[in-house]
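**Student:** Okay, sequence plus prediction incoming.
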Amino acid sequence: MDFWRTQDQEALQDGIRSFCQGRFPIESLQPIEATGGRLDRAAWRDLAGVGVFSLRHDGFSITDSALVFEELGRALIPGPLTATYLAATHLRTVLEGADSGERIVGLAQVAEPVTMAEHLLDLDSLLILQGDSIAVVDPNSVPTQVVERPLDPLTPVHVMLSATGGEIVATGDVVRQWCREGAVLTAAMQVGASFAAIDLAVEYAKGREQFGRPIGAFQAVKHMAADMLVKAEVARAATYAAAVNLDGNGDDDLDRAVSVAKMLAGDAALFCGKIGIQIHGGMGFTWEVNAQRYWKRAVVLDTHYGNSEMHADALAGSM
């Protein structure tokens with residue numbers, strides 16, 4: 001299994017990073033939070049314009065897509081990115097416009113005790129994942145109750161009072177592949193958020209002085225930063241391995257590789273988000289500091305396509 005990125009893959013990832021830094025700077029998040037997390041349609045079309053949602057139809061692999069989604073996670077770009085990408089990949093003829101950014105597609109996975117839908121007010125189509133089938137419904141027809149204060153202000157949430165009905169648009173193997181790809185792309189976003197949290201924490205540790213020295217010079221802070229990096233690097237390797245396997249270029253069991261990636265990436269994002277806040281000290285959890293945003297996004301992403309504990313249980317059951 002070859003983990004080295006090709007020159008084209010490096011150029012792809014660097015290009016997406018530059019686009020995100022220019023179009024979605026971290027400073028743009030606070031105004032979005034102030035509007036209740038509502039999505040900017042023009043910005044969504046810009047994402048489509050650089051090919052985020054049409055990657056597979058443009059000839060790119062799942063591994064290439066994971067590199068792109070790592071950068072989207074690093075930039076904390078809000079919205080149902082994975083669901084719209086997968087809809088454009090697997091349901092292109094059913095949900096026209098997902099690849100061009102004209103249709104925003106969300107996904108709600110039926111769960112107990114409650115089923116949640118994210119970004120409901122901005123969706124053009126809502127997919128309901130239940131068991132081995134996916135149905136499409138009109139978001140305006142679903143009875144819901146808004147969550148007044150969601151954990152991540154960039155991810156508005158509604159509780160679905162009913163998660164039945166709709167037209168079945170995918171079943172069986174298509175749904176299983178959908179879930180595998182969704183888990184890996186979510187893991188890639190978690191990896192990107194982990195490294196962004198590390199960069200922010202390290203930058204702060206270099207500039208913040210205590211007792212006449214930068215706090216990054218103290219052994220305890222060095223150990224915290226090192227632990228963050230180790231977790232993020234291991235998660236990145238596992239995520240790349242899962243993507244390579246999904247492309248048919250590995251010899252590991254697909255479900256096992258996916259569970260390893262989602263478990264490690266989820267743990268890494270939560271850990272790096274939490275430790276990043278701690279390195280920032282008493283101001284780390286305040287609205288003015290971005291450190292808290294990476295932890296909040298980590299919590300949200302951990303709920304997508306199975307959390308770390310669920311994938312750990314799946315791995316244990318496969319042994």
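**Tutor:** Great, that's in hand.

**Student:** what about the strands in the stretch 1-150 of the chain?
**Tutor:** Ranges of strands in the stretch 1-150 of the chain, per DSSP state E, counting those that start in this stretch, are 105-109, 115-118, 125-130, 133-137, 144-146.

**Student:** among these, which is nearest Gly73?
**Tutor:** Between Gly73 and the strands of the stretch 1-150 of the chain, the tightest spacing by C-beta to C-beta is seen for strand 115-118, at 15.3 Å. (Each C-beta comes from the backbone N, C-alpha and C, glycine too.)

**Student:** strands paired with the closest one, and their directions?
**Tutor:** Sheet pairing here is set by DSSP bridges, and for strand 115-118 it gives strand 157-160 (antiparallel).

**Student:** Please work out the average pLDDT along the partner strand.
**Tutor:** In this model, strand 157-160 has a mean pLDDT of 96.

**Student:** from memory Asp255 sits against Ser318, does it?
**Tutor:** Yes - contact criterion C-beta atoms under 8 Å: Asp255 and Ser318 qualify, at 7.4 Å.

**Student:** Just the buried positions in the longest helix belonging to the chain, please.
**Tutor:** Counting residues, the longest helix found in the chain (DSSP state H) is helix 172-207. Applying a neighbour-count criterion of 16 or more other C-beta atoms under 10 Å, the buried positions in helix 172-207 are 175, 177-198, 200-202, 204-205.

**Student:** ok, now stretch 310-319?
**Tutor:** 310-312, 314.

**Student:** What is the nearest of the residues you listed to Asp99?
**Tutor:** His311 (29.1 Å).

**Student:** Just the CA coordinates for stretch 302-319, please, in PDB.
**Tutor:** Extracted in PDB, the C-alpha atoms of stretch 302-319 (Å, rounded to 0.1, in the frame of the first residue of the first chain):
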ATOM      1  CA  ASP A 302     -18.200  12.300  15.700                       C
ATOM      2  CA  THR A 303     -21.900  11.700  15.400                       C
ATOM      3  CA  HIS A 304     -21.800  11.200  11.600                       C
ATOM      4  CA  TYR A 305     -21.600   7.700  10.300                       C
ATOM      5  CA  GLY A 306     -21.100   6.200  13.800                       C
ATOM      6  CA  ASN A 307     -19.100   7.600  16.600                       C
ATOM      7  CA  SER A 308     -15.700   6.400  17.900                       C
ATOM      8  CA  GLU A 309     -17.300   4.000  20.400                       C
ATOM      9  CA  MET A 310     -19.600   2.400  17.800                       C
ATOM     10  CA  HIS A 311     -16.700   1.800  15.500                       C
ATOM     11  CA  ALA A 312     -14.500   0.500  18.400                       C
ATOM     12  CA  ASP A 313     -17.300  -2.000  19.200                       C
ATOM     13  CA  ALA A 314     -17.500  -3.000  15.500                       C
ATOM     14  CA  LEU A 315     -13.800  -3.600  15.500                       C
ATOM     15  CA  ALA A 316     -14.000  -5.700  18.700                       C
ATOM     16  CA  GLY A 317     -16.800  -7.800  17.200                       C
ATOM     17  CA  SER A 318     -14.800  -8.500  14.100                       C
ATOM     18  CA  MET A 319     -11.800 -10.000  16.000                       C
END
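
**Student:** and for it, what are the contacting residues?
**Tutor:** 82, 109, 116, 179, 182-183, 186, 190, 253, 255-256, 258-260, 262-263, 266-267, 269-270 (C-beta atoms under 8 Å, 6 or more residues apart in numbering).

**Student:** what's the burial count for the residue nearest to Gly49 when sequence neighbours are not counted?
**Tutor:** Distance criterion C-beta to C-beta, 6 or more residues apart in numbering; nearest residue to Gly49, sequence neighbours excluded, is Gly101 at 7.0 Å. For Gly101, the neighbour count with other C-beta atoms under 10 Å is 21.

**Student:** All set now, cheers.
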